[in-house]
Every structure is written in C-alpha cells, then in structure tokens.
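Trainee: Need the 3D shape of this:
(one chain, ligands or ions: 1)
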Amino acid sequence: MTCWILVVVAILAVRGLHGLDNGLGLTPPMGWLTWERFRCNMDCDRDPDNCISEHLIKAMADIMAANGYRDAGYEYVIIDDCWLGPERDTNGRLVPDPNRFPSGIKNLSDYVHSKNLKFGIYQDFGTKTCGGFPGSEFYMQTDAETFADWGVDYLKFDGCNSNLYDFPSGYEAMGFFLNKTGRSIFYSCEWPFYKIVSGLQVDFAKVRKTCNLWRNYYDVQDSWSSVLDIVNFWGSNSKIFTKYAGPGGWNDPDMIILGNFGLSYEEERVQMAMWAILAAPLIMSNDLRHIRSSSKALLLNRNLIAINQDKLGIQGILLQKQNGIQIWSRDLSFNRTAVAFLNENSDGMPRFLSFSLVDLKLTSSTYNFTEAFDMKTNILVTRQRPLKIKVNPHGINLYIAKEMHL
Ligand code: GLA
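Mentor: All right, here's what the predicted structure looks like:
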C-alpha cells in the first residue's frame with residue numbers, strides 16, 4: 001500500500017469516520033452522461049456537434065431543462081472521460097482541454113446550474129484515466145478541492161491504471177476528501193467492477209459505506225446482447241447485490257441507452273423496466289437532440305420512473321428463469337410488488353404464459369395486477385385464477401401487484 005494511503009487511513013481511524021455520510025442518493029440518481037453515445041470523440045473539426053466539449057454539455061443541459069427530462073427527475077449532466085488536457089498545471093491542478101472547454105469547467109457548471117440541473121464529472125483513481133489523461137493518484141485531495149471549487153455535484157471515479165488491492169483504502173480516501181470539501185458531491189465508484197472481472201472478492205459492505213453508487217460489471221454497449229448480458233449477470237448475483245442496495249447506495253448496471261442505434265422498441269421497454277426493477281440509476285447516454293418520440297416517451301414514463309425511484313429502495317430479485325422467460329420481483333412501498341416477465345427468446349412469436357400466485361411468491365389469496373407502463377389495465381389473480389399473459393420476443397410485461405381484500 002502506498003504511503004499516502006496509509007496516512008489517510010490513519011486520519012480516518014482517528015476521526016472514527018468509517019462511511020459515506022453525505023445524505024445523497026436516497027433514491028437512484030437520474031441524469032445524462034456522455035460516455036456510451038459520445039465516447040472519447042475529440043474531433044471537433046470533423047464532428048463539432050458531437051465531440052466532448054462544453055458545447056455538447058450545454059446543448060444537453062438546454063434540452064434536459066426545456067423538454068421535460070429535468071421535470072421528470074433527470075437532474076445530473078455528467079461529462080465522462082476525455083475532458084482533460086494532457087497535463088496538470090504547475091500547481092498540480094487539473095486542466096480541461098482548452099480547445100474543447102475554452103470557458104473552463106467552473107463556467108460550464110454555472111451554466112448547468114443556471115438550468116436548475118446538477119453538474120457531474122469523471123476522474124480515475126489511478127495514474128491515468130482509461131482514456132490516458134492525468135489520473136488522481138497522488139492528487140486526490142487537490143482534485144477533490146478543485147471539483148468543489150468548480151461546483152461539481154457528482155463524481156464518477158474510475159479504476160483504470162491502478163493497483164486493484166489499493167481500491168478499498170483509495171476509494172475511501174477520495175470519499176473522505178470529497179466530504180472534507182464541505183460540498184455535497186455524489187460519489188460513483190467503479191471499484192467492484194474491476195475486482196469482479198479480475199476474479200477477486202469484493203467487500204460490498206465497505207463499498208456501500210464508501211460510495212453512493214458502484215458499477216459491478218462490464219460497460220453497457222449499444223446492443224440487445226449487452227443489455228441482456230447485464231440483466232443475466234444481475235440475475236446470477238441477485239441475492240448478493242440486493243443485500244447492499246438501498247437509500248444512500250446503489251448497484252450500477254450502467255447507462256440507459258434508449259434512443260440510440262442498437263435497441264428495438266421492445267428492447268428499449270426491457271431496459272427501462274429492468275432498470276426500474278433493479279433500482280438502478282437512470283443515467284441516460286444518448287443524443288437528446290435527435291431522439292425517437294417512442295424512446296423519449298419511455299424515458300419520461302412517470303409510472304416506470306416511480307417504480308425506479310420507490311422510496312423503500314429495495315432492489316428486485318430474479319424469482320425464476322425457465323425456457324428463456326425470466327420472472328423478476330421487486331417489493332415496493334404501500335405493500336405493492338412490481339413483477340416483470342422478460343422474454344429473452346428470438347423466435348418471433350409472442351409467448352402465452354400462465355403463472356400462479358405461488359410461482360410469483362405472492363402469499364395472499366387475491367391480487368390486483370395493474371399493467372405498469374400505462375397503469376390502465378387491471379387483472380384479478382386469485383389462488384384459483386392464474387395470471388395469463390402474452391409476452392413479445394425480446395419484450396417485457398411489467399405489473400404492480402396489490403393484495404385485495406374482497
Ligand atoms: C471505463 C468505464 C466507462 C467509461 C470509460 C472512459 O471503461 O467503465 O464507463 O467511463 O472507462 O474511458
């Protein structure tokens with residue numbers, strides 16, 4: 001362990017400060033992030049509207065404020081990797097790329113705040129970011145202070161180019177320095193992801209005490225296979241992940257990719273509904289300037305957002321998976337349960353399915369199932385009368401079940 005980490009651990013021990021205590025993330029965060037859609041596009045000559053720049057961030061903030069996203073709850077506008085210039089300044093402070101961020105980050109965050117939105121940024125725990133820009137190793141306190149000075153409200157802290165064994169103390173150190181600035185900064189970590197894919201154990205109790213959000217798996221890509229792979233990974237680890245999610249800290253299956261190139265309408269419904277079941281962050285990465293109305297309607301669907309943001313913050317679990325049909329269940333406030341039926345099959349024809357209350361682990365005798373995308377259709381299900389449904393290929397049916405006293 002490097003010696004600066006030892007110093008911080010000693011400070012933490014003396015102060016008795018063992019966890020994250022920033023009051024943020026009482027429900028999963030919602031917002032927009034550059035990475036999945038805009039990557040590390042730095043070619044502003046050829047692609048001026050889509051390169052990572054203050055222009056792009058302002059354009060998205062404008063749309064989030066004007067077109068209903070902010071009012072639906074999407075509040076963070078976050079720049080991912082590739083915002084930095086190649087070197088720190090002579091005081092060791094981070095410097096944004098001067099051509100793409102000519103007004104500086106403080107002015108950009110002021111702009112985002114002027115739209116009643118919050119501003120987020122990306123850095124890396126290691127010597128360099130994944131894109132090869134200066135990382136925070138040896139500069140954590142300076143960087144935390146810089147972010148606070150710039151009005152940053154959210155930090156995505158990556159784990160490239162670092163020693164995985166330093167993660168627990170290193171991520172804790174950054175959290176400590178962020179808290180020490182006195183500014184409320186939401187803290188998103190990638191620490192479990194790098195450990196899990198390297199076959200190493202993760203101390204999730206410690207992760208939860210340190211971070212508001214943590215990535216557990218590979219980056220989402222613009223495809224159905226990627227979304228399904230993430231859902232399946234969550235299914236296989238459902239019991240462990242669920243244990244640590246709740247108000248203040250959440251598992252992160254990565255960005256919402258609705259509105260991009262890779263998903264059909266049915267598949268977009270799956271991602272929105274599954275991210276609601278998983279109490280996952282709704283951090284979009286898409287081009288809000290050019291988005292299909294059907295994608296926009298799903299992103300702004302208040303019924304799905306309400307499930308996602310349910311105050312109890314209980315993450316859903318996989319109940320069973322058979323013949324490519326997954327059944328997921330999430331307990332909600334007011335004694336309701338969200339139940340999702342996901343059809344992974346690609347055979348073209350919708351599946352006719354029938355489930356008893358026992359299959360769905362619902363213990364009372366009578367339930368009202370309300371279709372949850374529109375909240376308009378109700379189905380009565382009893383011990384004698386199973387739930388009969390039809391689920392499209394690569395599709396999902398989502399219901400809210402509520403016990404009925406007849
Ligand atoms: C890693 C992260 C991504 C993104 C890139 C940026 O791959 O997992 O989410 O931040 O780095 O380089």
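
Trainee: need the contact list for residue 63.
Mentor: 69, 288-289 (C-beta atoms under 8 Å, 6 or more residues apart in numbering). To be clear about C-beta, it is placed using only N, CA and C from the backbone, and glycine gets the same treatment.

Trainee: Any figure for the gap between it and residue 151?
Mentor: 21 Å (C-beta to C-beta, to the nearest Å).

Trainee: Of the contacts of residue 63, which is the nearest to residue 364?
Mentor: residue 69 (38.1 Å; C-beta to C-beta).

Trainee: Just confirm the closest one contacts residue 295, I think it does.
Mentor: No. Under the criterion of C-beta atoms under 8 Å, residue 69 makes no contact with residue 295, lying 12.0 Å away.

Trainee: Now intersect the contacts of residue 63 with the helices, please.
Mentor: residue 69 (DSSP state H).

Trainee: Closest one of the contacts of residue 63 to residue 209?
Mentor: Looking across these and measuring by C-beta to C-beta, the closest to residue 209 is residue 69, at 31.4 Å.

Trainee: how near is that closest one to the ligand?
Mentor: For residue 69, the distance to the ligand equals 21 Å [C-beta to the nearest ligand atom, to the nearest Å].

Trainee: swap in residue 72?
Mentor: 23 Å.

Trainee: For that residue, give me its contacts.
Mentor: Contact analysis of residue 72 by C-beta under 8 Å, 6+ apart lists 30, 299-300, 302, 305.

Trainee: switch to 7 Å and redo it
Mentor: 300, 302, 305 (C-beta atoms under 7 Å, 6 or more residues apart in numbering).

Trainee: ok, so of these, who is nearest the ligand?
Mentor: Checking these against the ligand by C-beta to the nearest ligand atom gives residue 305 as the nearest, at 22.7 Å.

Trainee: Count the neighbours of that closest one for me.
Mentor: Residues lying near residue 305 (other C-beta atoms under 10 Å) number 19.

Trainee: Which secondary structure elements does whatever helix or strand it lives in sit against?
Mentor: Per DSSP states H and E: residue 305 is located in helix 302-308. Judged by 3 or more C-beta pairs under 7 Å, 6 or more residues apart in numbering; DSSP states H and E, the packing partners of helix 302-308 are helix 265-277.

Trainee: Give me the distance between the helix or strand following the helix it packs on and the centre of its chain.
Mentor: Heading C-terminal from helix 265-277, the first helix or strand you meet, by DSSP H and E, is strand 282-284. Between the centre of strand 282-284 and the centre of its chain there are 6 Å (C-alpha atoms, centre = their mean, to the nearest Å).

Trainee: who's in contact with the residue of the stretch 151-300 of the chain at minimum distance from the ligand?
Mentor: Proximity of the stretch 151-300 of the chain to the ligand (C-beta to the nearest ligand atom) peaks at residue 219, 4.6 Å away. Residue 219 is in contact with residue 254, counting by C-beta under 7 Å, 6+ apart.

Trainee: ditto for residue 259
Mentor: Here residue 259 is in contact with 286-287, 291-292, 295 (C-beta under 7 Å, 6+ apart).

Trainee: Now rank those residues by neighbours and give me the top one.
Mentor: residue 286 (24 neighbours).

Trainee: and that residue, what element?
Mentor: Using DSSP H and E, no helix or strand contains residue 286.

Trainee: That one contacts residue 37, correct?
Mentor: Yes. Using C-beta atoms under 7 Å, residue 286 is in contact with residue 37, at 5.3 Å.

Trainee: Need the overlap of contacts for these two.
Mentor: In contact with both residue 286 and residue 37: residue 260, using C-beta under 7 Å, 6+ apart.

Trainee: As CSV, the contacts of residue 259 with distance to the ligand and pLDDT would be great.
Mentor: Below are the contacts of residue 259 laid out as CSV (distance: C-beta to the nearest ligand atom, whole Å; pLDDT from 0 to 100):
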residue, distance to the ligand, pLDDT
286, 15, 98
287, 17, 98
291, 21, 98
292, 24, 98
295, 21, 99
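
Trainee: how near is the most centrally placed residue in the chain to residue 251?
Mentor: In the chain, the residue lying closest to the centroid (C-alpha atoms, centre = their mean) is residue 281, at 3.1 Å. The gap separating residue 281 from residue 251 is 9 Å, by C-beta to C-beta.

Trainee: Spell out which parts of the protein neighbour the ligand.
Mentor: 35, 80-81, 122, 129-131, 158, 190, 219 (C-beta under 6 Å from any ligand atom).

Trainee: out of those residues, which are inside helices?
Mentor: Short answer: those in helices (DSSP H) are residue 35.

Trainee: Show me the strands in the stretch 1-150 of the chain, by range?
Mentor: Here the stretch 1-150 of the chain has its strands, by DSSP state E, counting those that start in this stretch, at 30-33, 76-78, 118-124.

Trainee: TSV please, covering those strands and showing mean neighbour count.
Mentor: Below are the strands of the stretch 1-150 of the chain laid out as TSV (neighbours: other C-beta atoms under 10 Å):
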stretch	mean neighbour count
strand 30-33	26
strand 76-78	26
strand 118-124	25
